[in-house]
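J.: My questions concern the predicted model and sequence given below.
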Amino acid sequence: MELVFILIFLSLFLLAFALLIVLYKWLLKRGFRRLALLFPATIIVVVGYGAYVSLVPRDTFYKEDFEKYSGMNFPPSGKILKKYATYPDLQGEYISVALIRLSFSDYQALKNELNQNHSLAVDTTQYPFLGNTFNFLGDSAQRSNKNFAIVYRIKKSVIGFYKDGGTILFEKGIR
């Protein structure tokens, strides 16, 4: 079913592209050169925007990752301060990291919710975050997590609670 949807979408896209080419040539033949250039410019802008969004994901990408891999709603006061994501490999796996600022009440509520879930692995020692995480944070010299109060492992992800009482680090890895 998914393949049929993709093929229909692709055929509609190609039909629209062919229609734009025909319209472009028709406008050129009629002497509307400036108006005709609008169509190739539109195609370039749309493709460029698509490439930009795939290389630099928006905040909603990280919020959806948080919800999907932690199994919890993204906190209402959550503001993404820094973000990083790799491009998917051949199996579709990728790494995403987000430094998130929360209100004190959301920080405590999230921590309490994670504490009540006994199936999570709690790591108060040295969790080996992925190598890119500390480069992303600008802390490549230390490569440690001494600033975390507690770290929770959930499936393929990790949530680290900073000691400041308002910042968390969410990392979706490939392990």
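T.: Structure received.

J.: Run a quick check on V158 versus E171, I expect a contact.
T.: Yes - V158 sits in contact with E171 when judged by Cβ atoms under 8 Å, with a separation of 4.6 Å. In this view, the C-beta of every residue, glycine as well, is placed from N, C-alpha and C.

J.: By residue count, what's the longest helix in this protein?
T.: Criterion DSSP state H: the longest helix present in the chain is helix 2-30.

J.: Y94 touches D65, doesn't it?
T.: No - the pair Y94 / D65 is not scored as a contact, 9.3 Å apart, by Cβ under 8 Å.

J.: Which neighbours do the two have in common?
T.: Both Y94 and D65 are contacted by K172, under the criterion Cβ atoms under 8 Å, 6 or more residues apart in numbering.

J.: hey, where'd the helices end up in this structure?
T.: 2-30, 33-55, 59-70, 104-116, 131-137.

J.: Of all the residues in the second one, which ones are buried?
T.: Okay, so that is helix 33-55. Neighbour-count burial for helix 33-55 flags A36, F39 (criterion: 16 or more other Cβ atoms under 10 Å).

J.: Number the chain from 183, please
T.: OK, 183 is where the count begins now, so the last one is helix 215-237.

J.: Just the C-alphas of it, formatted as PDB.
T.: Taking C-alpha atoms only, helix 215-237 is exported to PDB below (Å, rounded to 0.1, in the frame of the first residue of the first chain):
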ATOM      1  CA  ARG A 215      10.200  35.900 -21.100                       C
ATOM      2  CA  ARG A 216      10.100  37.400 -17.500                       C
ATOM      3  CA  LEU A 217       6.900  35.500 -16.600                       C
ATOM      4  CA  ALA A 218       8.400  32.300 -18.100                       C
ATOM      5  CA  LEU A 219      11.400  32.600 -15.800                       C
ATOM      6  CA  LEU A 220       9.100  32.500 -12.800                       C
ATOM      7  CA  PHE A 221       8.500  28.700 -13.300                       C
ATOM      8  CA  PRO A 222      12.200  27.600 -13.200                       C
ATOM      9  CA  ALA A 223      12.800  29.900 -10.300                       C
ATOM     10  CA  THR A 224       9.900  28.300  -8.400                       C
ATOM     11  CA  ILE A 225      11.300  24.900  -9.000                       C
ATOM     12  CA  ILE A 226      14.700  25.900  -7.800                       C
ATOM     13  CA  VAL A 227      13.200  27.500  -4.600                       C
ATOM     14  CA  VAL A 228      11.100  24.500  -3.800                       C
ATOM     15  CA  VAL A 229      13.900  22.000  -4.300                       C
ATOM     16  CA  GLY A 230      16.300  24.200  -2.400                       C
ATOM     17  CA  TYR A 231      14.000  24.500   0.600                       C
ATOM     18  CA  GLY A 232      13.500  20.700   0.600                       C
ATOM     19  CA  ALA A 233      17.200  20.200   0.600                       C
ATOM     20  CA  TYR A 234      17.700  22.700   3.400                       C
ATOM     21  CA  VAL A 235      15.000  21.100   5.600                       C
ATOM     22  CA  SER A 236      16.500  17.600   5.100                       C
ATOM     23  CA  LEU A 237      20.000  18.800   6.100                       C
END
